[in-house]
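Asker: Sequence below, structure please.
(chains A, B and C)
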Amino acid sequence: MRPSPAIVWFRRDLRLFDNPALGAAAASGAPLIALYVLDEPAMAAWRPGAASRWRLHHSLASLARDLAALGVCLVLRRGAADLALEGLIEQTGATALYWNRLYEPWAVRRDGEIKARLRARGLRVESFNASLLFEPATLAKAYRVFTPFWRACLASPEPATPLPARERLAAAKDVAGDRLEDWRLLPTRPDWAAGFREVWRVGESAARERLQEFAGASAADYGAARDAPGQEGVSRLSAHLHFGEIFPRQVWHEIAAQVGERGAPFLRQLGWREFCHHLLFANPDLPERPLGGRFQRFPWRRDDEGFCAWKKGGTGYPFVDAAMRQLWRTGYIHNRARMVAASFLVKHLLLPWQEGEAWFWDTLIDADLANNACGWQWVAGCGADAAPYFRVFNPVSQGEKFDPEGAYVRRYVPELAGLDKKFIHRPWEAPREILRAAGVILGETYPRPIVEHAFARKRALEAYAACRD
DNA sequence: TTTTGAGTTGTTCGA
DNA sequence: GTCGAACAACTCAAA
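Answerer: The predicted structure follows:
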């Protein structure tokens, strides 16, 4: 008699290598059914944004190809996951279900219910960690300060080494599912993803190649090079990590093997990703409400025009505008520029951090609920271990310090490309003839600053003072 | 329980 | 141009 099949439910673990759920299912000897469910009802307000859908499409296509090469078909279903699972179980007679855990509040709730219900019906249901170095449950307490959190992580058992690759899988009989194209995750009219296709490679093999490249070339200098958005000093692994095309423990061990102690500054950044996930796990309303309670009464402004200028990259501050246009064109912003652009919305325009969070959610290909919420709260000063309120980034000096040649600005704000580095971060101070020679007409080809820095800084400090206890 | 020390990423001003 | 201090107070971690 043919053994009954097992379902491997893929979620944000879109890889075959070092995938604990897949490994356990395969080791059980059962023929496998690979499933992905686009469960938008469960995600409610936090279903993937437009850029993330583009990224998801290609990641799923890549996973389906890799599975097909091993003779397994990826079954796609859309709608509530519990219904999709029950339907598939009925259809196939599956008696086991394996998945890797998620930590978003909606997922924790949903998965807990599914696990209880199916186990009560006699199914074998098992879940695994496949996306964190240190799961929340492994630490004794919920930390709110990064440094002691990371110390505690480093003092706990080291992340396990990656599982060996699997060369063969036993496939169950084919099951019908949706066609990926029919999910319409890709933009059509207009097709705004051209810039994405130029910059990004998607999928598990691309993730592993990127890691090799980074570990071999830049990881050792990461501490010094990571702040220069005009260079390639960062890992660009964020989207691969979000979709689970790579397990952070692969990164951990690869960095340790190739650069040893010099890899510590980069691993510490992975630590921030861990910290954000822990914080969201302990504070389910982190994406909506400030952690610091007194920020509930912060005097945010309304300013549709300013918000629009920020989104379009038309604030008149080249470094901020470069960041926002990099986002629009490529679905990504370099970390340093991301902080400065976010700070500008919150502190210079005094607009609610949640509005910036929503915009990033829609436009980032690495949009991640925990990281995004944490980052915005940090910038706004209300998060855990946040920037003190009196720390207001100066978009000009940040630009001059971290993009001294103006390479980043020139790439994303081409109408300023003709300006010398002396003025590229402050075109409004350039003499008339220099502007003319560079083909810049302030107010026409490039905007004047929509708010003056010194004024905005003072206004922000007063606003923050007003919501003190 | 109480106390003490520390805490991702800055800016500005004045000497 | 460079340097140090002030910014303002608070919460958390750990002894």
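
Asker: in the stretch 201-350 of chain A, which spans are strands?
Answerer: With DSSP state E, counting those that start in this stretch as the definition, the stretch 201-350 of chain A shows no strands.

Asker: residues in it within reach of DNA strand C, list them.
Answerer: Within the stretch 201-350 of chain A, the positions near DNA strand C by Cβ under 7 Å from any atom of the strand are residue A:292. In short, each C-beta sits where N, CA and C put it, glycine included.

Asker: in the stretch 201-350 of chain A, what residue is nearest DNA strand B?
Answerer: The nearest approach of the stretch 201-350 of chain A to DNA strand B comes at residue A:272, 3.7 Å away (Cβ to the nearest atom of the strand).

Asker: so who does that residue touch?
Answerer: Counting by Cβ atoms under 8 Å, 6 or more residues apart in numbering, residue A:272 makes contact with A:146, A:374.

Asker: ok, now with 7 Å
Answerer: For residue A:272, the contact set (Cβ atoms under 7 Å, 6 or more residues apart in numbering) comprises residue A:146.

Asker: spatially speaking, which residue is in the middle of chain A?
Answerer: Centroid-nearest residue in chain A, with Cα atoms, centre = their mean: residue A:366, separated by 3.2 Å.

Asker: tell me the phi and psi of residue A:34?
Answerer: phi -100, psi 130 (degrees, to the nearest 10).

Asker: how near is it to DNA strand B?
Answerer: According to Cβ to the nearest atom of the strand, to the nearest Å, residue A:34 and DNA strand B sit 35 Å apart.

Asker: now residue A:102
Answerer: Using Cβ to the nearest atom of the strand, residue A:102 is found at 22 Å from DNA strand B.

Asker: Got the confidence number for that residue?
Answerer: Per-residue pLDDT puts residue A:102 at 98.

Asker: What helix or strand is it located in?
Answerer: Assigned by DSSP states H and E, residue A:102 belongs to no helix or strand.

Asker: I'd like to know how many residues surround it.
Answerer: 20 (other Cβ atoms under 10 Å).

Asker: What of the one 4 residues further on?
Answerer: Residue A:106 is surrounded by 18 other residues when neighbours are defined as other Cβ under 10 Å.

Asker: ok, it touching residue A:42?
Answerer: Yes: counting by Cβ atoms under 7 Å, residue A:106 does reach residue A:42; the two are 5.2 Å apart.

Asker: near DNA strand B, which residues of the stretch 201-350 of chain A show up?
Answerer: With the criterion set to Cβ under 7 Å from any atom of the strand, the stretch 201-350 of chain A comes near DNA strand B through A:227, A:269, A:272, A:335-336, A:339.

Asker: Residue A:155: neighbour count?
Answerer: Neighbours of residue A:155 (other Cβ under 10 Å): 8.

Asker: cool, residue A:188 as well?
Answerer: By the measure other Cβ under 10 Å, the count of residues near residue A:188 is 8.

Asker: Is residue A:126 in a helix, a strand, or coil?
Answerer: Look at residue A:126: counting by DSSP: H, G, I helix; E, B strand; the rest coil, its state is strand.

Asker: What residues does whichever residue of the stretch 201-350 of chain A sits closest to DNA strand C make contact with?
Answerer: Closest residue of the stretch 201-350 of chain A to DNA strand C, Cβ to the nearest atom of the strand: residue A:292 (6.8 Å). With Cβ under 7 Å, 6+ apart as the criterion, the residues that contact residue A:292 are residue A:382.

Asker: distance of it from residue A:152?
Answerer: Distance of residue A:292 to residue A:152, computed by Cβ to Cβ, to the nearest Å: 23 Å.

Asker: can you check residue A:209 too?
Answerer: In this structure, residue A:209 and residue A:152 are 33 Å apart, going by Cβ to Cβ.

Asker: more neighbours, the two?
Answerer: More neighbours surround residue A:152 than the other of residue A:209 and residue A:152, with 15 against 12 (other Cβ under 10 Å).

Asker: What count of nearby residues applies to the closest residue to that one other than its chain neighbours?
Answerer: Nearest residue to residue A:152 in three dimensions, chain neighbours excluded: residue A:139, at 5.7 Å (Cβ to Cβ, 6 or more residues apart in numbering). Using other Cβ under 10 Å, the number of residues around residue A:139 comes to 16.

Asker: before we move on, the earlier item: may I ask which of the residues of the stretch 201-350 of chain A next to DNA strand B has the most neighbours?
Answerer: Within those, neighbour counts (other Cβ under 10 Å) peak at residue A:336, which reaches 23 neighbours.

Asker: Report the contact partners of the residue nearest to residue A:338 when sequence neighbours are not counted.
Answerer: Setting aside the residues directly before and after it, residue A:338 is nearest to residue A:323 in space (Cβ to Cβ, 6+ apart), at 6.5 Å. Taking Cβ under 7 Å, 6+ apart, we find residue A:323 in contact with A:333, A:337-338, A:340-341.

Asker: how about 6 Å then?
Answerer: Contacts for residue A:323 were tallied using Cβ atoms under 6 Å, 6 or more residues apart in numbering; they are A:333, A:337, A:341.

Asker: ok, now residue A:373?
Answerer: Residue A:373 makes contact with A:286-287, according to Cβ under 6 Å, 6+ apart.

Asker: how far away is it from residue A:199?
Answerer: Distance of residue A:373 to residue A:199, given as Cβ to Cβ: 25 Å.

Asker: mind checking the SS state of residue A:178?
Answerer: Recorded secondary structure, residue A:178: coil (three-state DSSP).

Asker: shouldn't it be in contact with residue A:76?
Answerer: Yes: assessed by Cβ atoms under 6 Å, residue A:178 is found in contact with residue A:76 at 4.3 Å.

Asker: Between those two, which is the more surrounded one?
Answerer: When residue A:178 and residue A:76 are compared for neighbours, residue A:76 comes out ahead with 20 against 15, by other Cβ under 10 Å.

Asker: Which strands and helices lie in contact with the strand or helix carrying the more buried one?
Answerer: Remark: residue A:76 resides in strand A:74-78, with elements defined by DSSP H and E. Applying 3 or more Cβ pairs under 6 Å, 6 or more residues apart in numbering; DSSP states H and E, one finds that strand A:74-78 makes contact with strand A:32-38.

Asker: Quick one: mean pLDDT over the strand it packs on.
Answerer: The average pLDDT within strand A:32-38 is 98.

Asker: Which neighbouring elements make contact with it?
Answerer: When contacts are defined as 3+ Cβ pairs under 6 Å, 6+ apart, strand A:32-38 packs onto strand A:6-10, strand A:74-78.

Asker: For these, state which one has the densest average packing.
Answerer: strand A:6-10 (a mean of 26; mean count of other Cβ atoms under 10 Å).

Asker: Now do the buried residues in the very next helix or strand once past that one.
Answerer: Note on strand A:6-10: by DSSP H and E, the next helix or strand toward the C-terminus is helix A:20-27. Within helix A:20-27, the residues scored as buried using 16 or more other Cβ atoms under 10 Å are A:20-26.
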